[in-house]
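Asker: 3D, please:
(one chain, ligands or ions: 2)
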Amino acid sequence: MTDEQPEEAPLVAPAADPEDRAVEAALRPRNLDDFVGQKRVRRQLSLVLEASRLRGRSADHVLLSGPPGLGKTTLAMIIAAEMNAPLRITSGPAIQHAGDLAAILSSLTEGEVLFLDEIHRMSRPAEEMLYMAMEDFRVDIIVGKGPGATAIPLELPPFTLVGATTRAGLLPGPLRDRFGFTGHLEFYSTEELELVLRRSAMLMDMKVNSAAFAEIAGRSRGTPRIANRLLRRVRDWALVHGIDLIDARAASAALDMYEVDARGLDRLDRSVLTALITKFNGGPVGLSTLAIAVGEEPETVETVAEPYLVREGMLGRTPRGRIATAAAWKHLGLEMPPHVAAAMPEDLFSVAPESLLDSESVLDSWAQPES
Ligand SMILES: Nc1ncnc2c1ncn2[C@@H]1O[C@H](COP(=O)(O)OP(=O)(O)OP(=O)(O)O)[C@@H](O)[C@H]1O
Ligand SMILES: [Mg+2]
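Answerer: Ligands and ions are numbered 1, 2, ... in the order given. The predicted structure is shown next:
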């Protein structure tokens, strides 16, 4: 595989692909009422915006964090719309020098919303300039170099910074502290994704019944971007098969064809679990051995397949290697043999998938270090 032929991203990858970027704008809800789910963030944000409207001032700076495809960019646009304010969009990687940021800040108009995507990827000097801009609405423009350099203070109009990050943990404390409101977006429930899909289908002029929405939502990994992407694939399939009203059978036939199964696992996910179970009796097996068994790079297995399998509680990472949980055996239609079940740590079944993702301590307590 050469650089000129990038491998196509999996259908269930959370990051935006070129097609997503081209069509997402049309599907983005434009106001808070149309934004599905994230009840807590929505309620708190709505209060922040309402209060600033009543005070007649620009809203507090807002930080939005969470995994890709959950609605950070969408919310940033909604904030500007709700404040009836113009929106300027930039991103961390685009701001390599403090001067890049100074140019943007000095051209803001009063009340403008500045959306800074991937804020954790900004350069350090730009970050320091941002501290002052956020707090005091002013920046020091440095003119000249070396001992003769002078700082010229520049007043800025009040503005609202909306920062977005998939890696809130990477943000330095002083930056995080300067946001008046932080909203952390969570994965969506199947019911919420059904609502997202319902709205998208209407905008795309598709006829889809409730059972089909449930079928697609169940395969969407808690992520609206993936839900909308799967909906487009179902639409293609229905068009080619001359189907006007999409029902659950059509939706599952379409997604089966794309190899996205009922829990949202794709071919790689399933081959990782299958190898773990059929070749290594459920593990534990080291990452590199597992990767060879599925014919992938260890990094691909670790970064592409594992996060969702861990989140779903199907795969455990232990110091001795990877293990398939009872849920994984069940998902593949297999029964976990009693001796395998007996060798599994009891706590593995009592921990929620979420905590499996964050902490390996439960597993560390029983497993031996990988040799
Ligand atoms: N709550 C929601 N209601 C309806 N649609 C949503 C919602 N959240 C996201 N979407 C849809 O999902 C798509 C992706 O959302 P968005 O681009 O806002 O994600 P993001 O968090 O900014 O992702 P990234 O981290 O990759 O930038 C949008 O096109 C939007 O239509
Ligand atoms: Mg975004």
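Asker: so where's this protein uncertain?
Answerer: Residues of the chain that meet the criterion pLDDT under 70 lie in 1-7, 345-371.
Asker: if you set the cut-off to 50 instead, what comes out?
Answerer: Applying pLDDT under 50 to the chain flags the ranges 1-3, 349-371.
Asker: That one: strands as residue ranges?
Answerer: Counting by DSSP state E, the chain has strands at residues 62-65, 87-91, 113-117, 138-143, 150-155, 160-165, 181-184, 207-208, 245-246, 315-318, 321-324.
Asker: Contact partners for whatever residue of the stretch 1-150 of the chain ends up closest to ligand 2?
Answerer: Taking CB to the ion, ligand 2 has its nearest neighbour within the stretch 1-150 of the chain at residue 73, 3.2 Å off. Every C-beta, even on glycine, is put in place using the N, C-alpha and C of the backbone. In this structure, residue 73 makes contact with 28, 115, 117, 164, judged by CB atoms under 8 Å, 6 or more residues apart in numbering.
Asker: just the residues you listed that are near ligand 1?
Answerer: Here is what survives when the contacts of residue 73 are matched to ligand 1 using CB under 6 Å from any ligand atom: residue 28.
Asker: separation between the residue of the stretch 1-150 of the chain closest to ligand 2 and residue 28?
Answerer: 8 Å (CB to CB, to the nearest Å).
Asker: was I right about residue 243 contacting residue 250?
Answerer: Yes: contact status for residue 243 versus residue 250: in contact at 5.3 Å, counting by CB atoms under 8 Å.
Asker: wait, what's in contact with the residue in the chain positioned nearest to ligand 1?
Answerer: Among all residues of the chain, residue 71 sits closest to ligand 1, at 2.8 Å; criterion: CB to the nearest ligand atom. By CB under 8 Å, 6+ apart, the contact list for residue 71 reads 35, 38, 185, 224.
Asker: Test my guess that the last one contacts residue 198.
Answerer: No: contact criterion CB under 8 Å: residue 224 and residue 198 do not qualify, at 11.9 Å.
Asker: who has more neighbours, those two?
Answerer: Neighbours per residue (other CB atoms under 10 Å) separate residue 224 from residue 198, with residue 224 holding more: 29 against 15.
Asker: Not counting sequence-adjacent ones, nearest residue to the more buried one?
Answerer: residue 196 (4.7 Å; CB to CB, 6 or more residues apart in numbering).
Asker: For this structure, what lies in contact range of ligand 2?
Answerer: Of all the residues in the chain, those in contact range of ligand 2 (CB under 5 Å from the ion) are 72-73.
Asker: Domains in the protein, by residue range?
Answerer: If the domains of the chain are taken from automatic domain parsing, they occupy 38-184, 190-257, 267-364, with pieces of a single domain joined by a plus sign.
Asker: which residues in the stretch 101-250 of the chain form helices?
Answerer: According to DSSP state H, counting those that start in this stretch, the stretch 101-250 of the chain carries its helices in the segments 124-136, 173-177, 190-203, 210-218, 224-240, 248-257.
Asker: so which of the ones you listed gets nearest residue 12?
Answerer: Across the helices of the stretch 101-250 of the chain, the minimum distance to residue 12, taken as CB to CB, is reached by helix 224-240, at 5.6 Å.
Asker: Would you mark the buried spots in the closest one?
Answerer: For helix 224-240, the buried set under the neighbour-count rule, 16 or more other CB atoms under 10 Å, comprises 224-235, 237-238.
Asker: from the middle of its chain, how far away would it be?
Answerer: 19 Å (CA atoms, centre = their mean, to the nearest Å).
Asker: Show me what that helix packs onto, helices and strands only.
Answerer: In terms of contacts (3 or more CB pairs under 8 Å, 6 or more residues apart in numbering; DSSP states H and E), helix 224-240 is packed against helix 18-27, helix 190-203, helix 210-218, strand 245-246, helix 248-257.
Asker: Please identify the most buried of these.
Answerer: Comparing those by mean neighbour count (mean count of other CB atoms under 10 Å), helix 210-218 ranks first with a mean of 21.
Asker: So what touches that helix?
Answerer: Helix 210-218 has contacts (CB under 8 Å, 6+ apart) with 190-191, 193-194, 196-198, 201, 227, 230-231, 234, 246-248, 250-252, 255, 262-264.
Asker: That concludes my questions; thank you for your assistance.
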